[in-house]
Structure formats: structure tokens, C-alpha cells
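Q: The following comprises the amino acid sequence and a computationally predicted model.
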Amino acid sequence: MVQINKIYTRQGDGGETHLAGGARIAKDSLPIEVCGELEELNCWLGTARTLASQSSMEPLNTRLGTLQNELFDLGAELSLICGGKEPPVNAISDAQIQRIEDWIDAYTDKLPTLKSFVLPGGDLLNATLHLARAVCRRAERRLCELAHEHKLPSLTCTYLNRLSDLLFAMARHQALETGTTEYLWEPRKNVCEKNVCGSCANSPK
């Protein structure tokens, strides 16, 4: 059990901090950046979770809580690895990836076919889930960068990749469940005619 009795230690006043592995490292170094990205993502999941709870969407609330804990596990694992220590077990397993994919499939099976790209918004919970998805994508990009410098478990980047897909599916399903109208991209006519995005329903074949 973790016990935290004092918030400030003064040990980071010089711009350095400790990793879980024991190494002392600059606060603007890539491992700290990645851990910060994961923390920001966790904050947005917590915001979405709070909104889901207030809307009595308990299945969504519970799943977001599971994801929050897993992100914390992932951050702890990265802190160990980048600090020069091997974690006792991998934070992410094949079973966790499969569970996320099962959730995605369960959501998407109920959704109508998209005929345009979805814009964030509709209501506050929907917009928050989309914001969390965008933050997740950014965290994934930084994590892939970190993987060039440190040998990370193979499923680490996979997890964030699937998580962003899950958050998109959650946002769409939440709109369906609550009767919220999704915001869809309405391209300018000349853009659509030129098939810039390559996915418009009336694009040339």
C-alpha cells in the first residue's frame, strides 16, 4: 500500500525529479513528458467518468475507472524502465487488449454507419470523451518516441492505440444512448467534389 504523508519535498526545486527506478532525471526529459501525457489523459478520463456518473451511465463510469487504473499502472511501469529497473510484471497484457477490442466491437455493433467525420461536441460528456481521445493520440505519439530510446514491452504502444479507438466508440455510443445529436463534418462543396478526404459518400469511384 502506498502512503503519501507529505506533498512537497523540495527535491525537485532544481528542475530534476526521481523516477521509480531510482534515477534522477531532468523534468523536461522525454520519460517525464510521457508520464505527464499519461497523467493529463487520466485527468480527462476522470472528468468523463464524473460526467458519466452524474448522468447515471454506470457501465461507462465503471469502464473509465478501469482505464484510469491501467494508465496509472502503465505510468509506473515506464518510470521503472526509464529508471533502469525491470518491472516485476508487464503493466499491459494480451487479455487487456482483447477486452478493449471486445468493448469497441460491442459499441460499434449498435452504431449507425457514419457518412462523414465526427466533430467533437453534442454535449459536455461527448466532447470530453473526444478530448480524451485526442490527448490519448498525443500520448501515443510521445510514447512511440520514447520507444526509440528505451526497450518497452511490446503491448505498451498497442494499448494507447486501442484506447483512442475505444474512446471514439464510447463517444459515439454515448450520443446514441442519450439521444445526443453528433456534430458531423460538413465540407465545402468544392472540397467534397475533389474528394480531398477520400471518404465522402458522393466521391468519384
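A: It's in.

Q: Can you tell me how far the spatially closest residue to residue 85 that is not a sequence neighbour is from residue 31?
A: Nearest non-adjacent residue to residue 85, counting by CB to CB, 6 or more residues apart in numbering: residue 21, 3.8 Å away. From N, CA and C alone the C-beta is placed, and that goes for glycine too. Per CB to CB, to the nearest Å, residue 21 is found 10 Å from residue 31.

Q: Now the common contact residues for the two.
A: Common contacts of residue 21 and residue 31 (CB atoms under 8 Å, 6 or more residues apart in numbering): 79, 82.

Q: returning to that earlier point: pretty sure the residue nearest to residue 85 sits against residue 81.
A: Yes: Residue 21 lies in contact with residue 81 (CB atoms under 8 Å); the separation is 7.1 Å.

Q: Work out for me the element the residue nearest to residue 49 when sequence neighbours are not counted sits within.
A: In space, residue 49 comes closest to residue 64 once its chain neighbours are excluded; the distance is 4.0 Å by CB to CB, 6+ apart. Assigned by DSSP states H and E, residue 64 falls within helix 58-82.

Q: Looking only at that helix, what residues are buried by neighbour count?
A: 60-61, 63-64, 67-68, 70-71, 73-75, 77-82 (16 or more other CB atoms under 10 Å).

Q: go on, stretch 136-147?
A: 136, 139-140, 142-143, 146.

Q: Stretch 113-121 now?
A: Quick answer for stretch 113-121 (16+ other CB under 10 Å): 116, 118.

Q: circling back: got a list of what the residue nearest to residue 49 touches?
A: 45-46, 48-49, 52.

Q: quick one: low-confidence parts of the protein?
A: For the chain, the stretches with pLDDT under 70 are 1-14, 16-18, 25, 190-205.

Q: swap the cut-off to 50 and go again
A: 200-205 (pLDDT under 50).

Q: re earlier: can I get the contacts of residue 64 in JSON lines including secondary structure, neighbour count and distance to residue 128?
A: Output for the contacts of residue 64, formatted as JSON lines (DSSP: H, G, I helix; E, B strand; the rest coil; neighbours: other CB atoms under 10 Å; distance: CB to CB, whole Å):
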{"residue": "45", "secondary structure": "helix", "neighbour count": "24", "distance to residue 128": "9"}
{"residue": "46", "secondary structure": "helix", "neighbour count": "15", "distance to residue 128": "10"}
{"residue": "48", "secondary structure": "helix", "neighbour count": "29", "distance to residue 128": "5"}
{"residue": "49", "secondary structure": "helix", "neighbour count": "22", "distance to residue 128": "9"}
{"residue": "52", "secondary structure": "helix", "neighbour count": "23", "distance to residue 128": "9"}
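
Q: Relative to residue 150, how far out is the closest residue to residue 153 other than its chain neighbours?
A: Distances taken as CB to CB, 6+ apart put residue 90 closest to residue 153, at 4.7 Å, once the chain neighbours are dropped. Going from residue 90 to residue 150 by CB to CB gives 14 Å.
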